[in-house]
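> Sequence first, predicted coordinates after that:
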Amino acid sequence: MRTIVVAPPAVRQIQVWFGKHAFIDHLEPDPVEAAVYEAAMRRQFASCRVTNTPYSAAPSGETPAGGPSRP
């Protein structure tokens, strides 16, 4: 007998950075749409750094970047 385990979709976090400050932070559950969004942000903000990383939920009270959460 086989057991099929289906992993939840890997949520991607796309961020646009100005220096060390992320001014756009977008979560996308579909990896194809995440790549499309990343490409659009790279075109729109050509002089800024754009990252597309796996998102992992942070402990309560913290954002994924480790800063304080916003109310």
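Okay, I see it.

> What are the boundaries of the strands in this structure?
For the chain, applying DSSP state E gives strands covering 12-18, 21-28, 49-54.

> Go through those and pick out the most buried.
strand 12-18 (a mean of 19; mean count of other CB atoms under 10 Å). Where C-beta positions appear, they are placed from N, C-alpha and C, glycine not excepted.

> send the alpha carbons of that one over as PDB?
Coordinates of each C-alpha in strand 12-18 appear next as PDB, following Å, rounded to 0.1, in the frame of the first residue of the first chain:
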ATOM      1  CA  ARG A  12       7.200  32.800  -2.400                       C
ATOM      2  CA  GLN A  13       8.100  36.200  -0.900                       C
ATOM      3  CA  ILE A  14       9.000  38.900  -3.400                       C
ATOM      4  CA  GLN A  15      10.600  42.000  -2.000                       C
ATOM      5  CA  VAL A  16      11.900  45.200  -3.600                       C
ATOM      6  CA  TRP A  17      14.700  46.800  -1.700                       C
ATOM      7  CA  PHE A  18      16.000  50.400  -1.600                       C
END
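
> Which residue, other than its chain neighbours, is closest to the residue sitting nearest the centre point of the chain?
The structure's the chain has its C-alpha centroid closest to Gln13; by CA atoms, centre = their mean the separation is 0.4 Å. Closest residue to Gln13 in three dimensions, ignoring its sequence neighbours and counting by CB to CB, 6 or more residues apart in numbering: Tyr55, at 4.0 Å.
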